[in-house]
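K.L.:
requesting a structural model of the entry that follows:
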Amino acid sequence: VRCLEWFLNWPRAPAAVASALLTAGLPSILWASLLPYFQLKAGQKKAARILAWGSAGNLLGAWGIAFFAVPILGTRLTWLLLGGLSLGLAVFSLLMARRRFAGALAATIAVAMSGALTWGADAVLPRALGNLDGLEVGSKLLIDRESPYQRIRVWEKEYGGQSYRALALNQTVQFFWNEEEPWVKGAPYSYYNYSALAAALTARGEGVAERGLFLGLGGGLVPWQIRKLFPGSMPRILALELDPGVRAVALSDLPLGKAGPTEVRVGDARQLLRRLNERFDYVLADTFLNSYVPFHLTTREFFESVRDHLAEDGLLVVNLHTVFAWSGLLEKIETTLTSVLPNTVAIDLASGSTLLLATRGSQPLAERIRNAKKNSALSAALSEELGVLAEAVRPPRVGVSFDILTDDLNDTEQRLYETRRELSLSRPF
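P.N.:
The predicted model follows:
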């Protein structure tokens, strides 16, 4: 299956390999050829041959693993494959060595490497890719796979007589989902609920946004919630998702498969936006994973691209995890977004996450949120939740002390990395 997926992505795969070979491969080959060449010139043919074979093996191993083995087989199977090759090398050394001591030494080293790789594939690697022991107890594991970007797992677990499915990406549980409960339980996941509720913040004060764009799929929970909370709403949904593995799992075992007609395009959100010639009433930007977000999805140029795909009164919702506040990036992103869309407000949720809402329209968003409580599309319970949202609205924190993040001036990844180092790694975030 993984081989088939890799070949289905064939138009992109050779382009990546070719560009890497041109930029880094050719210099690597030239450098690796220098020492064997000088050995040959000095008349040391045997040494030159050994060095040449060693350099070729190093290059083949590095490039083969990076571009073929890991994308096709996954990290665990690649480790096991290398362990098997090391064992084969041990046998070859014993059979071919002219000196028994040298052959035994080489075989011992190869067997040790084989054992380390085989043990690591089942003992070290799963923890590095993320273990969720608390969730795993008493759960039925439905999916456990590696994508080119992360480890994807789906569990099914019983709570209070109800069956829930949980999506975990690496070390972080994304949500618990029950098909009969469109309002997700649990404070840590409340931003899903309010992101879905924001679809009813139309400029006219009635109905629900008709055309939705989702930057980051996340299992398809919010598109499913919108159509579940507001039946018959948002006939046009387009999601841009970087990870083809997330798309596949979301369609087969998660809310996206139950959300109705939804188009998903796989690739980098910013690159796909450039090729998109369409405007939307509702845009949700939720592109972070754990404590990481690609810096080019936090810049002024990125928000300008999103603005250009917003309808005149369309609403942009940006979900920012607690790590943005801890790292000092939240104020920078608020300043950056406000420099592109001045009509912006912020909502700090009880979970610690922050939602930024912005629009091209002139009606103040705080007023728009208050007026939406009269929207006939809202049930009494949803109108009450919208009241909670309205009370939490605050102006964005902007000022001369906060930098505007651009493609050329951006410390997002550095700050997130430093914050992750400072936080306790025993707590998933």
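K.L.:
residues of stretch 63-79 that come out buried?
P.N.:
With burial defined by 16 or more other CB atoms under 10 Å, the residues of stretch 63-79 counted as buried are 63, 65, 67, 69-76, 78-79. For glycine as for every other residue, the C-beta is placed from the backbone atoms N, C-alpha and C.
K.L.:
just stretch 357-368 next, same as before
P.N.:
With burial defined by 16+ other CB under 10 Å, the residues of stretch 357-368 counted as buried are L357, A358, T359, R360, G361, L365, R368.
K.L.:
which ones among the residues you listed lie within strands?
P.N.:
Assigned to strands by DSSP state E, the following of the buried residues of stretch 357-368 qualify: L357, A358, T359.
K.L.:
what does the pLDDT read for the most centrally placed residue in the chain?
P.N.:
Centroid-nearest residue in the chain: L289, 5.0 Å away (criterion: CA atoms, centre = their mean). L289 is assigned 71 on the pLDDT scale.
K.L.:
got the phi/psi numbers for the closest residue to it other than its chain neighbours?
P.N.:
Leaving aside its chain neighbours, L289 sits nearest to L169 (5.9 Å; criterion: CB to CB, 6 or more residues apart in numbering). Dihedral angles of L169 (phi, psi; degrees, to the nearest 10) stand at phi -110, psi 120.
K.L.:
wait, isn't L169 in contact with V154?
P.N.:
No. Judged on CB atoms under 8 Å, L169 makes no contact with V154 at a distance of 10.4 Å.
K.L.:
okay, strands next: where are they in the stretch 151-300 of the chain?
P.N.:
Here the stretch 151-300 of the chain has its strands, by DSSP state E, counting those that start in this stretch, at 151-159, 162-169, 172-177, 211-215, 236-241, 263-266, 280-285.
K.L.:
moving C-terminal of the top strand by length along the chain, what's the next helix or strand?
P.N.:
Longest strand of the chain, by residue count under DSSP E: strand 310-320. With elements assigned by DSSP states H and E, the helix or strand that comes after strand 310-320 is helix 322-327.
K.L.:
output the contacting helices and strands for that following helix.
P.N.:
helix 412-422 (3 or more CB pairs under 8 Å, 6 or more residues apart in numbering; DSSP states H and E).
K.L.:
give me the helices and strands touching the helix it packs on, please.
P.N.:
In this structure, helix 412-422 makes packing contacts with helix 322-327, helix 329-340, judged by 3+ CB pairs under 8 Å, 6+ apart.
K.L.:
mean pLDDT lowest where, among the ones you listed?
P.N.:
Least confidently modelled of these is helix 322-327, at a mean of 85 by mean pLDDT.
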